[in-house]
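# need the 3D shape of this:
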Amino acid sequence: MRFTREEYPRIAHEGVKLHRRTLVLDGRTYTVLGLRPANRERFAVNHFHGTWHVVSDRAGALLLAKLMWALSYERSPGTLVLIDHPFLDPNPFDAEKSPPIVLTAHKLTVFDAGTARELRRKLPLSAPSEGTVRYRAPGLAAAAADPDGWLAARLPRPYHWQNHRYTRPTVDVRSGVLHVGGSADELREWAVRLTRTNPYVVMPHTSGGMDYDHLGDDYSLEVQVFADYRLRVSAARQARAQLEAEEPEIAAASPDEANPVLWDRSTRIHHRMRRDRVMARKRRSRRAVQAVQADRAGRTGRAGRGQPAGRP
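Below is the predicted model:
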């Protein structure tokens, strides 16, 4: 989905409707907020060069920004935001399955290994929703209107080595769950940084457009935004299916052996799909032009025979 810069504040102002469930995990009660079936955004997770990557398109990045901003104002202890299937795609590079994503606010929610383990066992959540919560992001619209100015006006974040648990972000995988946690200030800063990502302006030459931002000073998390994210996911799925059918021994090999082959296949399939899409768009444009020309020719012919040009 493509947005103009003028649309960012309006879209950022809109709230997000989430399903609410109550779960007991590792002896503690949690309020789990999850996306609703009406949400069309999709995400993928990839780990490369020691960095976790959350991959999506422009709409997904903006949704993630709204979730982080709204979570920064959360006041109910034990609240977490969960992004799980069916809102997760295999990653758009080698089609590896993506782990669930959990967002938490420091000082508000404890999310340790035991909690992650029990949550993973309960996924996908089958219990019906206990209600709908409208998660609002007050102030994000104004920040999205001038993200660079908003970030420049922020005070430096304090760091106290004795209290590093609450002053540094958390990005790690626990029991197969990608946990992203930060203080309220960090969540808001990440949200504003995500509103700046625009694959249609930054790197537009990169096979359809791509942008990214590192969340955190230690480069432990990067959000990648592709203009043709869904096309890349489809290409990666096809590449893995072909490899499993044609060369199953390579597909079953270790990632160090299989991934380079998958990346090469996925890239070639992606380029072919982009070329086919461009050619289909050109054919549609030609047909539209020919239809207009034929209509004009018909009107001119009728007018030459003495009939009104605007009537059959």
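# contacting residues around the single longest strand found in the chain?
Identified as the longest strand of the chain according to DSSP state E is strand 16-25. By C-beta atoms under 8 Å, 6 or more residues apart in numbering, the residues outside strand 16-25 that reach it are 29-36, 38, 63, 66-67, 70, 81, 114-115, 118-119, 122, 125, 127, 129-135, 137. Placement of C-beta: from N, CA and C, glycine included.
# number of residues surrounding residue 287?
10 (other C-beta atoms under 10 Å).
# quick one: which of the contacts of strand 16-25 sit in strands?
29-35, 81, 132-135.
# can you give me the strands in the stretch 201-312 of the chain?
210-214, 221-226 (DSSP state E, counting those that start in this stretch).
# save those strands as CSV, and put in distance to residue 294, mean pLDDT and mean neighbour count too.
Shown next, in CSV, are the strands of the stretch 201-312 of the chain (distance: least, C-beta to C-beta, whole Å; pLDDT from 0 to 100; neighbours: other C-beta atoms under 10 Å):
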stretch, distance to residue 294, mean pLDDT, mean neighbour count
strand 210-214, 40, 90, 18
strand 221-226, 39, 94, 23
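# any chance of these in TSV, plus distance to residue 19?
Below are these laid out as TSV (distance: least, C-beta to C-beta, whole Å):
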stretch	distance to residue 19
strand 210-214	28
strand 221-226	23
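# nearest to residue 45, of these?
strand 221-226 (10.2 Å; C-beta to C-beta).
# packing partners for that closest one?
strand 51-56, helix 58-72, strand 210-214 (3 or more C-beta pairs under 8 Å, 6 or more residues apart in numbering; DSSP states H and E).
# using TSV, lay out those together with distance to residue 141.
Formatted as TSV, these follow (distance: least, C-beta to C-beta, whole Å):
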stretch	distance to residue 141
strand 51-56	20
helix 58-72	10
strand 210-214	19
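# pick the most buried one from the ones you listed.
Mean neighbours per residue, mean count of other C-beta atoms under 10 Å, is largest over the helices and strands packed on strand 221-226 for helix 58-72, with a mean of 25.
# tilt between it and strand 210-214?
With axes from the mean of the first three to the mean of the last three C-alpha atoms, to 10 degrees defining the directions, helix 58-72 sits at 20 degrees from strand 210-214.
# helix 58-72 - contacts with which helices or strands?
Going by 3+ C-beta pairs under 8 Å, 6+ apart, helix 58-72 lies up against helix 8-13, strand 16-25, strand 79-83, strand 101-105, strand 132-135, helix 140-145, helix 184-196, strand 221-226.
# what's the neighbour count on residue 194?
Residue 194, neighbours per other C-beta under 10 Å, totals 27.
# so what angle separates the directions of the longest strand of the chain and strand 28-35?
Per the same axes, to 10 degrees, the angle that strand 16-25 makes with strand 28-35 is 150 degrees.
# just want the angle from strand 16-25 to strand 79-83.
Going by the same axes, to 10 degrees, strand 16-25 makes 110 degrees with strand 79-83.
# find the nearest non-adjacent residue to residue 187, please.
residue 72 (3.8 Å; C-beta to C-beta, 6 or more residues apart in numbering).
# do the same with residue 183
Going by C-beta to C-beta, 6+ apart, residue 183 has residue 106 as its nearest residue, at 4.9 Å.
# hmm, residue 184 is touching residue 75, no?
No - Residue 184 is beyond contact range of residue 75, at 10.2 Å (criterion: C-beta atoms under 8 Å).
# who's more crowded, those two?
Using other C-beta under 10 Å as the criterion, residue 184 and residue 75 rank with residue 184 on top: 16 against 7.
# not counting sequence-adjacent ones, nearest residue to that one?
residue 72 is the one closest to residue 184 (C-beta to C-beta, 6+ apart), at 4.2 Å.
# so how far is residue 56 from that neighbour?
From residue 72 across to residue 56, the span is 20 Å (C-beta to C-beta, to the nearest Å).
# identify the single longest helix in this structure, thanks.
Across the chain, the longest stretch assigned as helix under DSSP state H is helix 255-304.
# which secondary structure elements does it contact?
helix 229-246, helix 248-251.
# quickly compare those and say which is most buried.
The most buried one of the helices and strands packed on helix 255-304 (mean count of other C-beta under 10 Å) is helix 229-246, showing a mean of 19.
# what are the contacting residues of that helix?
With C-beta under 8 Å, 6+ apart, helix 229-246 has contacts from 42, 44, 55-57, 60, 89-95, 208, 226, 250-251, 258, 261-262, 265-267, 269-270, 273-274, 277.
# so how many other residues sit close to residue 26?
Under the criterion other C-beta under 10 Å, the count of neighbours that residue 26 has is 15.
# just residue 148 next, same as before
9.
# dump the residue contacts of residue 180.
101-104, 169-171, 215, 221.
# how does it look with 6 Å?
Neighbouring residues of residue 180 by C-beta atoms under 6 Å, 6 or more residues apart in numbering: 103, 171.
# that one and residue 138, how far apart?
Residue 180 is 22 Å from residue 138, by C-beta to C-beta.
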